[in-house]
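In: Would you be able to build a 3D model of this:
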Amino acid sequence: MLALLGAFDQEIAGLRGRMAIEEVIAGPGGKVYRGRLEGRDCLLARTGMGREKAAAAAHLALQRYPVTAVISLGFAGALSRDLAIGDVIVCSTLHCASGPLGWEGESEACHADARLLALASETAGQGVPRVLLGTGVTVRHLASGTQKTQALGIGLRADIVDMESYWIARIASARGVPFIAIRSISDTTRQGVQPFDRVLTADGRLLWKRAAVSFLLHPWYLINVFTLFRSARRAERNLTAFISGLAARI
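Out: Below you'll find the predicted structure:
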């Protein structure tokens, strides 16, 4: 059984639409969908944002079901100037940073399963404009602004940043379950990674009062919301196409 873990509804919506869903289970951060994707037994979970939610969902999946491979999926911010909106990044290595500028790892790096990497390589080029091999870093809080994101990338020689993949990788590794992280770019270095974790709950709901204050103090965030929405749609389409193709091969 393949376990697919994404933080938010928008990240998993395309895959959910392609699944033949047999059961819906209440999970720690939202719903878990059990069924079949591309002919393969599959769990698709919305984990919620950050370490605690991602870890709880990963534990639930691995304890209750005969999972044979785990994919952490979703959107990511680019740390490399060469990356564009919608690029799909297959992470060979994952680091953890203690803060937006703290690139000292909290533990040793996690590495993707060699077989899953090979299958991802075979899937590249089928319906997705650009699929690249890269290195990811997971942070507790998103850095905003181009200078901060570039510093984070330089410090760890990382290509992308997210808030969940490293923690899911650690849990899968501890249980001996093959793991890989696959992310699609929703923010580039020219935009800076948007700090929307400050106005969202861990399960993705908007904190309206905090958002209103944030938009009043930083009105350019509101403009960025519309840009981010368009970017996220492109990222989701490419991510869905690639994950579906990979699932058919696993």
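
In: residue ranges of the strands in the protein, please?
Out: For the chain, strands defined by DSSP state E occupy the ranges 2-6, 20-26, 31-37, 40-46, 69-78, 88-99, 102-105, 110-111, 131-138, 160-162, 179-187.

In: Using CSV, list the CA coordinates for the second one.
Out: Once side chains and other backbone atoms are set aside, the C-alpha atoms of strand 20-26 remain, and they are given as CSV (Å, rounded to 0.1, in the frame of the first residue of the first chain):
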residue,chain,number,x,y,z
ALA,A,20,-11.4,5.3,-6.5
ILE,A,21,-12.2,6.0,-2.8
GLU,A,22,-13.4,3.1,-0.7
GLU,A,23,-13.2,4.6,2.8
VAL,A,24,-12.8,8.0,4.5
ILE,A,25,-11.2,8.0,7.9
ALA,A,26,-10.8,10.9,10.4
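
In: now it and strand 40-46, what's the angle there?
Out: 40 degrees (axes from the mean of the first three to the mean of the last three C-alpha atoms, to 10 degrees).

In: same thing with the first one?
Out: Between the axis of strand 2-6 and that of strand 40-46 there is an angle of 20 degrees, by the same axes, to 10 degrees.

In: Tally up the residues packed near residue 26, please.
Out: The number of residues packed near residue 26 is 8, by other C-beta atoms under 10 Å. No exception for glycine: its C-beta is placed from N, CA and C like everyone else's.

In: let me redo that: residue 62
Out: 19.

In: Which pLDDT does the model give the closest residue to it other than its chain neighbours?
Out: Spatially, and ignoring its direct neighbours in sequence, residue 62 is nearest to residue 175 (5.4 Å; C-beta to C-beta, 6 or more residues apart in numbering). The score at residue 175 is 96. That number is its pLDDT.

In: just residue 140 next, same as before
Out: In this model, residue 140 carries a pLDDT of 82.

In: go on, residue 22?
Out: 96.

In: Any idea how many residues pack against residue 108?
Out: Neighbours of residue 108 under the rule other C-beta under 10 Å: 9.

In: my bad, residue 13
Out: 13.

In: Distance check, it against residue 58.
Out: To residue 58, residue 13 is 20 Å away according to C-beta to C-beta, to the nearest Å.

In: least reliable of the strands of the chain going by mean pLDDT?
Out: strand 102-105 (a mean of 46).

In: tell me the centre residue of the protein?
Out: In the chain, the residue lying closest to the centroid (C-alpha atoms, centre = their mean) is residue 74, at 3.2 Å.

In: now that residue, which residues is it bridged with?
Out: residue 183 (DSSP bridges).

In: list the contacts for it?
Out: 6, 7, 8, 11, 12, 162, 164, 183, 184, 239 (C-beta atoms under 8 Å, 6 or more residues apart in numbering).

In: quick one: it and residue 235, what's the gap?
Out: Counting by C-beta to C-beta, the gap from residue 74 to residue 235 is 9 Å.

In: just residue 176 next, same as before
Out: Taking C-beta to C-beta, one finds residue 176 at 31 Å from residue 235.

In: For this structure, which helix extends over the most residues?
Out: Counting by DSSP state H, the longest helix found in the chain is helix 220-249.

In: so how far is that helix from its chain's centroid?
Out: Centroid displacement of helix 220-249 relative to its chain, using C-alpha atoms, centre = their mean, to the nearest Å, is 11 Å.

In: Which elements pack onto that helix?
Out: strand 2-6, helix 9-18, strand 40-46, strand 69-78, strand 88-99, helix 114-123, strand 179-187, helix 208-217 (3 or more C-beta pairs under 8 Å, 6 or more residues apart in numbering; DSSP states H and E).

In: Who does the first one pair with, and is each partner parallel or antiparallel?
Out: What it means is strand 2-6. strand 40-46 (parallel), strand 69-78 (parallel).
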